[in-house]
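>>> next one to model:
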Amino acid sequence: MTATNRQFHLASRPTGEPSVDNFRLVESPIPELADGEVLVRHHFLSLDPYMRGRMNDAKSYVAPQPLDAVMQGGTVGVVAASRSAQYAEGDTVASHGGWQEYGVYDPSKPGQLHKIDTARIPLSAYLGAVGMPGITAWYGLLKIIQPKAGHTVVVSAAAGAVGSAVGQLAKRAGARAVGIAGGAEKCRIVTEEFGFDACVDYREHGDVKSLARALKAVCPDGIDGDFENVGGMVLDAVMFNANPFSRVALCGMISGYNGTPIPMAAPQLLLTNRMTIEGFIVREHIDIWPAALADMGALVATGALKYRETIAEGIESAPEAFLGLLKGRNVGKQLVRLV
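Here you go, the predicted model:
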């Protein structure tokens, strides 16, 4: 095969805020397939906040992203060639192909590749609401927060792929959903499109006391559950309004991704409110994936769950789109369209 594959490597590790200089675009020929292998033309590439943490050479729940290797990440696409009895040319698949246009896979290795049905669910949704972000929302809300009718659930980064799903699932469980997002337009989308009961624009508040007062105004009965994606001042403001025995699903701490310290303003509230804070990595809970995917797939297929996508065009756009994601420029799921 003579076609060329374009891919982004991590060229250097950032110090503080990352830049496009940390990435390198590399071109290489697509290799001939060995027996049992499958070639996939990736159509969409997923960009996610967790990728920022993996750029650091630091201890974490997974190994750091290797230097001079393809940036890792989720992909969906179509089988372009196959020497495997399990896959045929034209099959639509989800994979973990990374920041590149083509991927070669060995289906005998678990987790490399699986077929997906695009008859009722769009291909791109398998990287969002019916993919890892949707499962993350489902697990953190239903298994950790465990909302009940009449509860108030707060969701930070509420206009993002995970947060927007959390709020809708909370409403489905009979709870009030209150979002925290950056900017008036995002807050409008959170309430009008995603159906949250209220949304607080954190950019209007310069300190934790101001943000805590704004949350109190829209959570008059206190906060029973918090799906936390940001940390820092946002989590502090939630804790000042937390009810006794409230529960926090700690999904992300994006406020500290660039190395900024994120101390708690009042950790004593964990004790006085008898709070439960549980951090989780959804890939460590594979047992729930079939149920979560079935639930989220049905909601998307019937239109019961609304989602948004911000799509950058072409592999060349991946670094800038990723940096924009870290600055909150996206609404919903950030994708790169490769075809």
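>>> element containing the nearest residue to A214 once chain neighbours are set aside?
Of all residues beyond its chain neighbours, the one nearest A214 is V200 (4.8 Å), with distances taken as Cβ to Cβ, 6 or more residues apart in numbering. All C-beta atoms are positioned from the backbone trio N, CA, C, and that covers glycine. Here V200 is covered by strand 198-201, with elements defined by DSSP states H and E.
>>> export that strand as CSV, just CAs?
Output for strand 198-201, consisting of C-alpha atoms alone and laid out as CSV, is shown next (Å, rounded to 0.1, in the frame of the first residue of the first chain):
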residue,chain,number,x,y,z
ALA,A,198,-30.1,26.7,36.5
CYS,A,199,-26.5,27.6,35.6
VAL,A,200,-24.0,29.8,37.3
ASP,A,201,-21.4,31.6,35.2
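>>> leaving out the residues flanking it, which one is nearest to L269?
In space, not counting the residues next to it along the chain, L269 is nearest to M239; the distance is 4.6 Å by Cβ to Cβ, 6+ apart.
>>> can you give me the pLDDT of that neighbour?
Turning to M239, the model gives it a pLDDT of 98.
>>> what do you get for the one 5 residues further on?
Note on P244: pLDDT of 98.
>>> assign it to helix, strand or coil.
Secondary structure assignment for P244 (DSSP: H, G, I helix; E, B strand; the rest coil): strand.
>>> residues near it, how many?
10 (other Cβ atoms under 10 Å).
>>> repeat that for C251.
Each residue near C251 was counted by other Cβ under 10 Å, and the total is 31.
>>> beta partners for the residue nearest to A214?
When bridges are assigned using DSSP bridges, the partners listed for V200 are I180.
>>> got a list of what it touches?
Contact criterion Cβ atoms under 8 Å, 6 or more residues apart in numbering gives V178, G179, I180, A181, C187, L211, A214, L215, V218 as the residues in contact with V200.
>>> using CSV, please lay out the residues you listed together with neighbour count.
CSV is the format used below for those (neighbours: other Cβ atoms under 10 Å):
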residue, neighbour count
V178, 26
G179, 30
I180, 31
A181, 28
C187, 23
L211, 23
A214, 19
L215, 24
V218, 18
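>>> closest to G279 out of these?
I180 (18.8 Å; Cβ to Cβ).
>>> correct me if wrong: D197 contacts T191.
Yes. Distance between D197 and T191: 7.5 Å, which falls inside the contact criterion (Cβ atoms under 8 Å).
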